[in-house]
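Asks: Fold the following, please.
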Amino acid sequence: MTLDRYGHLFPDRLDEVAEAMDAARVKATAAADEGDSARTAE
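Replies: As a prediction, this is how the structure comes out:
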């Protein structure tokens, strides 16, 4: 999601949107890192 395209949907909550997007990124990155660790341990 790009805020330049959809930011008008959340004009008063951009900080919350950014925090939620960052939390999702951190979760996805952690899951990917765990998968990489499992593959390299074999």
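Asks: And the helices in this structure, which stretches?
Replies: Ranges of helices within the chain are 3-6, 14-41, based on DSSP state H.
Asks: Please produce CSV containing those helices, extended by mean neighbour count and mean pLDDT.
Replies: For every residue, glycine as well, the C-beta is placed using N, CA and C. Supplementary listing: the helices of the chain in CSV, determined by neighbours: other CB atoms under 10 Å; pLDDT from 0 to 100:
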stretch, mean neighbour count, mean pLDDT
helix 3-6, 9, 82
helix 14-41, 10, 82
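Asks: quick one, what contacts the residue nearest to the spatial centre of the chain?
Replies: Relative to the mean C-alpha position of the chain, the nearest C-alpha, by CA atoms, centre = their mean, is the one of residue 25, at 2.2 Å. For residue 25, no residue meets the contact criterion (CB atoms under 8 Å, 6 or more residues apart in numbering).
Asks: centre of the chain versus stretch 26-38, how much separation?
Replies: A distance of 13 Å separates the C-alpha centroid of stretch 26-38 from that of its chain, computed with CA atoms, centre = their mean, to the nearest Å.
Asks: Using PDB, write out every CA atom in that stretch.
Replies: Extracted C-alpha coordinates of stretch 26-38, given in PDB (Å, rounded to 0.1, in the frame of the first residue of the first chain):
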ATOM      1  CA  VAL A  26       8.600  -7.100  11.000                       C
ATOM      2  CA  LYS A  27       6.300 -10.100  11.400                       C
ATOM      3  CA  ALA A  28       6.800 -11.200   7.800                       C
ATOM      4  CA  THR A  29      10.500 -10.600   7.900                       C
ATOM      5  CA  ALA A  30      10.800 -12.700  11.100                       C
ATOM      6  CA  ALA A  31       8.800 -15.500   9.600                       C
ATOM      7  CA  ALA A  32      11.000 -15.500   6.400                       C
ATOM      8  CA  ASP A  33      14.200 -15.500   8.600                       C
ATOM      9  CA  GLU A  34      12.900 -18.500  10.500                       C
ATOM     10  CA  GLY A  35      12.300 -20.300   7.300                       C
ATOM     11  CA  ASP A  36      15.800 -19.500   6.000                       C
ATOM     12  CA  SER A  37      17.300 -20.800   9.300                       C
ATOM     13  CA  ALA A  38      15.400 -24.000   9.000                       C
END
